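Asker: following is a predicted model, sequence given first.
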Amino acid sequence: MKQTSLATNPLPDTEQIRTWSGDFGREYTDRNIFTPAQVDELYQRNYGITRSDINRRFLESTPRDARILEVGCNLGNQLLMLQSMGFSNLYGIEIQDYALRRAQDRLPWAILKQASALAIPYADRFFDLVFTSGVLIHIAPAELPLALGEIRRCAKHWIWGVEYYAPQMTEVAYRGHNALLWKTDYARLYAENFPELELVREERLRYLENENVDSAFLLRARE
């Protein structure tokens, strides 16, 4: 069994981190604890496809012992999904202490740390794959280049994401708050900022009950 680390790293001071670290973030955590089966049910309702199916499409050829980091793991719902697929070398970082401590109980086999996408506490190219799931959308445009740079710095081979999509950067009110949610073409931003990355797969996931779209994408570093 791996040792789970909750060692606190100093978090950058941004409006978004302050909000997600407080009561607003804890309320999000409390309403978003899901088992893998419940995650699949949610995706099936939203998109007509399960998260397990998405994961298989994008990660089918990824070695099951690949070292994988989730940036913004919250309660570990997505890490549990990967564990159910046979992935065994899993890490997560999360800014919210409340979520991280609850995740520790669910993920005793993973290595978890309190940290931000703006300052990932791992060495260059430490991970075979780094991914986000609905996390980049909550990083302010001014800080987004730093977050993308940190993810790229830590990813040796692949960057994977499932994020809210729009052709251009668009702010969206989130639960009555401004400056907490943006949608854009995150795969394109990676490719534009890091020309050594190539987009090897992308699927646009259209919501069944509204006009919104998510993007699932996988980028690979050219040798």
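Answerer: That came in fine, so what should we check first?

Asker: quick one: the strands in the protein?
Answerer: Along the chain, counting by DSSP state E, strands occupy 67-71, 89-94, 111-114, 127-133, 155-164, 170-171, 182-183, 197-206, 213-221.

Asker: chain center to the third one: distance?
Answerer: Centroid separation between strand 111-114 and its chain, computed with C-alpha atoms, centre = their mean, to the nearest Å, is 14 Å.

Asker: alpha carbons only: can I get that strand in CSV?
Answerer: Extracted in CSV, the C-alpha atoms of strand 111-114 (Å, rounded to 0.1, in the frame of the first residue of the first chain):
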residue,chain,number,x,y,z
ILE,A,111,-0.1,9.5,-3.4
LEU,A,112,-1.9,12.8,-2.7
LYS,A,113,-0.6,16.3,-1.9
GLN,A,114,-2.1,19.7,-1.2
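
Asker: report all helices and strands that it contacts.
Answerer: strand 89-94, helix 97-106 (3 or more C-beta pairs under 8 Å, 6 or more residues apart in numbering; DSSP states H and E). Using the backbone N, CA and C atoms, a C-beta is placed for each residue, glycine as well.

Asker: pairing partners for the residue nearest the centre of the chain in the sheet, please.
Answerer: When C-alpha atoms, centre = their mean is applied to the chain, the residue found nearest the centroid is residue 132 (1.8 Å). Residue 132 has these beta-bridge partners by DSSP bridges: residue 161.

Asker: for it, report the pLDDT, please.
Answerer: Per-residue confidence (pLDDT) for residue 132: 98.

Asker: still on that earlier bit, quick one, which of the strands of the chain is nearest to residue 103?
Answerer: strand 111-114 (5.9 Å; C-beta to C-beta).

Asker: ok, the closest residue to residue 206 other than its chain neighbours - contacts?
Answerer: Leaving out its chain neighbours, the residue that sits closest to residue 206 by C-beta to C-beta, 6 or more residues apart in numbering is residue 213, at 5.3 Å. Residue 213 makes contacts with 164-166, 204-207, as judged by C-beta atoms under 8 Å, 6 or more residues apart in numbering.
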